[in-house]
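J.: Following is a predicted model, sequence given first.
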Amino acid sequence: MTKDIEGNGKSAAVSQRIADSIKAAILDGTRQPGERIRQEIIAEEFGASRLPVREALRILESDGLVTLVANTGAWVTKMNLEECTETYLIRERLEPLLLGRSVANFTDADIAALVALEEEIEAAGDVEHYLVLDRRFHLQSYKAAGMPSLNAMVERLWNTTQHYRRAYTRLIGWEGLNLTHDEHRLLIAAYKHRDSEEAERLIYGHLRRTRLELARHPEIFES
């Protein structure tokens, strides 16, 4: 019995390690939407059997990063413009709720950490570094809400739209992010005043603007 528990624990750890590695490759753009993920290659790369690889892919599916097709295989999740628009419309409703609850619970340390992140974002100087920091800034701003189920749902939605945010940000370049920096500064001001209502209004506008900008560039979804 003990051996079985230890064996299951080891397999779970391997599955999580594989899932974390593939997740990082999807989020940083190394693996592209629609790309097939071959279990045998992953198993060989990690020196693992197929079982932990299959479990890793199930973890990634629940995170919105991988699409599994029964008896066929696994692919990096891909969206068309209509699906991405729908996802942003959902985010425009959920994230203000999450942020409003979070702002009401902010400690001084929470605000100081977000101020430091915002300053780091403005100093990033390149799109890839910006994308990593921007994701961290927003997801961290939601943590004080005390709503783990909604947090998990929102992070999943972030995962599914990550590639298209990257494509759009690359399109406009670092110089095109000035308005985004302005919006971040306004959010920080709302955080400092513990103004949940203003923070909700700002994050709604921030998300809506991104949705409309993506809709103006359908070519992002055609590659």
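T.: Yep, it's here. It should be emphasised that the depicted structure is a prediction, and the values quoted were computed from it without experimental measurement.

J.: who's in contact with the nearest residue to Ile26 once chain neighbours are set aside?
T.: Distance criterion CB to CB, 6 or more residues apart in numbering; nearest residue to Ile26, sequence neighbours excluded, is Leu65 at 5.0 Å. From N, CA and C alone the C-beta is placed, and that goes for glycine too. Going by CB atoms under 8 Å, 6 or more residues apart in numbering, Leu65 touches 22-23, 26-27, 76-77, 159-160.

J.: what separates Leu65 from Asn178, distance-wise?
T.: From Leu65 across to Asn178, the span is 30 Å (CB to CB, to the nearest Å).

J.: Next: Asn159.
T.: 27 Å.

J.: ranges for the strands of this structure?
T.: Along the chain, counting by DSSP state E, strands occupy 36-37, 66-69, 73-76.

J.: Can I get these in JSON lines including mean neighbour count and distance to Phe221?
T.: Output for the strands of the chain, formatted as JSON lines (neighbours: other CB atoms under 10 Å; distance: least, CB to CB, whole Å):
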{"stretch": "strand 36-37", "mean neighbour count": "16", "distance to Phe221": "19"}
{"stretch": "strand 66-69", "mean neighbour count": "16", "distance to Phe221": "16"}
{"stretch": "strand 73-76", "mean neighbour count": "18", "distance to Phe221": "14"}
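
J.: Columns distance to Arg54 and mean pLDDT on top of the ones you listed, output as CSV?
T.: Conversion of these to CSV gives the following (distance: least, CB to CB, whole Å; pLDDT from 0 to 100):
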stretch, distance to Arg54, mean pLDDT
strand 36-37, 11, 95
strand 66-69, 9, 94
strand 73-76, 9, 94
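
J.: Could you export those to JSON lines, including columns for distance to Gln140?
T.: Listed next are these as JSON lines, based on distance: least, CB to CB, whole Å:
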{"stretch": "strand 36-37", "distance to Gln140": "29"}
{"stretch": "strand 66-69", "distance to Gln140": "25"}
{"stretch": "strand 73-76", "distance to Gln140": "25"}
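
J.: Spatially nearest residue to Ala104, not counting backbone neighbours?
T.: Leaving aside its chain neighbours, Ala104 sits nearest to Ser196 (5.0 Å; criterion: CB to CB, 6+ apart).

J.: Who has more neighbours out of Asn159 and Asn178?
T.: Remark: of Asn159 and Asn178, Asn159 carries more neighbours, 19 against 11, as counted by other CB atoms under 10 Å.

J.: May I have the predicted confidence score for the more buried one?
T.: According to the prediction, Asn159 has pLDDT 95.

J.: again, but for the one 4 residues further on
T.: Model confidence at His163, given as pLDDT, is 94.

J.: For it, the count of nearby residues, please.
T.: A count of nearby residues for His163, using other CB under 10 Å, gives 25.

J.: List the contacts of the residue nearest to it when sequence neighbours are not counted.
T.: By the measure of CB to CB, 6+ apart, the closest residue to His163 outside its immediate chain neighbours is Pro33, 5.2 Å from it. Contacts for Pro33 (CB under 8 Å, 6+ apart) come out as 76-79, 163.

J.: I'd like the domain boundaries of the chain, if you could list them.
T.: 2-76, 81-221 (automatic domain parsing).

J.: Comparing those by mean pLDDT, which bottoms out?
T.: Among these, domain 2-76 scores lowest, with a mean of 87.

J.: Centre of the chain to that domain, how far?
T.: From the chain centre to the centre of domain 2-76 is a distance of 18 Å (CA atoms, centre = their mean, to the nearest Å).
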